[in-house]
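Enquirer: okay, sequence plus prediction incoming.
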Amino acid sequence: PGTVFSFGEGLTGEVLDTLEDGLRLVRFQCEGNFFEVLDKIGQMPLPPYIHEPLRENERYQTVYAEHRGSAAAPTAVLHFTPELLEEVQQKGIGVARVTLHVGLGTFRPVKVEDVTQHHMHSEWCCVSQETADAVNETKRRGGRVVSVGTTSCRTLESMAKDGRLLTGTRDTDIFIDPPYEFQIVDALITNFHLPENTLIMLVSAFAGRENTLYIHVTLVPYLKSSGEHKSKPTQHSVKELQSFGIMPDIIVARCDRPVDDPSIFRKIALFCNVKEDCVIENLTLPVLYEAPIMLEEAGLAKIVLREL
């Protein structure tokens with residue numbers, strides 16, 4: 001507390017207090033318009049699987065965003081364009097909007113052994129009367145409510161009571177993990193989620209363990225000095241996962257060159273407790289978009305359907 005940071009453009013921040021989980025309470029002072037300065041000197045917070053900085057912030061934003069306040073865009077909706085939304089509505093599917101200001105807690109990994117002890121930061125959410133009426137009427141008719149993204153899902157379930165969607169605003173710290181009985185959401189469209197993350201737990205609660213597979217992508221390095229592939233790194237990574245209670249169902253082995261010795265995959269299957277044909281080779285390719293074709297030819301889709 002008491003430390004002052006100068007960010008340039010007339011913006012300073014003084015640390016007032018140290019909070020839990022490494023957070024700080026900061027008081028900002030700005031000579032100009034605070035949000036205009038942030039847009040000028042700040043960087044868009046991105047998920048770890050996006051490595052390049054954005055040239056245009058609007059590229060990482062939903063087409064219908066209106067209100068400031070969220071620390072990140074709901075990634076599942078980034079795939080939706082105005083044209084796609086119009087096509088959806090032309091098919092007779094209603095579109096209703098909710099607001100949740102995504103907080104930093106969304107990105108926090110779960111570090112406690114007992115997930116019930118994980119503390120969720122509160123986030124502000126809002127459901128309009130128009131949205132509540134549309135959702136409740138859909139449920140009354142026996143229709144399905146499809147949540148686009150875990151953000152929308154958490155909002156809908158936070159504002160649910162006795163199977164109906166309420167209207168209004170509130171701060172929510174809802175933590176959805178198995179087992180959980182969903183009141184509003186009947187289907188979920190979602191994106192990538194990191195391990196040990198509250199959002200992957202939400203997806204698991206929705207899908208159920210019987211409909212969920214853990215596919216572990218691991219490196220099987222080739223040592224030029226000995227002229228052979230090594231399975232030890234994969235064994236160690238799986239052992240680490242198992243220490244967290246995660247048991248891989250399928251292992252995708254990343255390789256820079258083809259594995260000529262079939263005993264390598266047999267060894268991985270044996271020591272990692274997966275079926276031998278559930279260890280799939282994934283070679284380095286000149287074009288990223290060839291990877292799905294290679295995995296399809298390796299039979300990954302059929303194995304997934306068989307194991308579910």
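Expert: Arrived safely, thanks for sending.
Enquirer: which of the residues in the helix or strand of the chain with the lowest mean pLDDT are buried?
Expert: Among the helices and strands of the chain, helix 198-207 carries the lowest confidence by mean pLDDT, DSSP states H and E, at a mean of 85. Buried residues in helix 198-207, counted by 16 or more other Cβ atoms under 10 Å: Thr198, Leu199, Ile200, Met201, Leu202, Val203, Ser204, Ala205, Phe206. Where C-beta positions appear, they are placed from N, C-alpha and C, glycine not excepted.
Enquirer: now those in TSV, with distance to Ala134?
Expert: Shown next, in TSV, are these (distance: Cβ to Cβ, whole Å):
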residue	distance to Ala134
Thr198	28
Leu199	25
Ile200	29
Met201	28
Leu202	23
Val203	25
Ser204	28
Ala205	25
Phe206	21
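Enquirer: could you pull out the helices for the stretch 51-200 of the chain?
Expert: Assignment of helices within the stretch 51-200 of the chain using DSSP state H, counting those that start in this stretch yields the ranges 82-90, 129-140, 150-158, 198-207.
Enquirer: gap between the residue most central in space within the chain and Leu270?
Expert: Nearest to the mean C-alpha position of the chain, by Cα atoms, centre = their mean, lies His193 at 2.9 Å. Remark: distance between His193 and Leu270 (Cβ to Cβ, to the nearest Å) = 30 Å.
Enquirer: check Pro292 too.
Expert: For Pro292, the distance to Leu270 equals 28 Å [Cβ to Cβ].
Enquirer: and Ile93, by the same measure?
Expert: Using Cβ to Cβ, one obtains 48 Å as the distance from Ile93 to Leu270.
Enquirer: show me what the least confident helix or strand of the chain is in contact with.
Expert: By Cβ atoms under 8 Å, 6 or more residues apart in numbering, the residues outside helix 198-207 that reach it are 105-106, 108, 110, 115, 118, 120, 150, 153-154, 175-180, 182, 185, 188, 190, 193-194, 212.
Enquirer: what's the distance between that helix and the middle of its chain?
Expert: Distance, stretch centre to chain centre, for helix 198-207: 10 Å (Cα atoms, centre = their mean, to the nearest Å).
Enquirer: quick check: next helix or strand after that helix?
Expert: Per DSSP states H and E, the first helix or strand lying C-terminal to helix 198-207 is strand 215-219.
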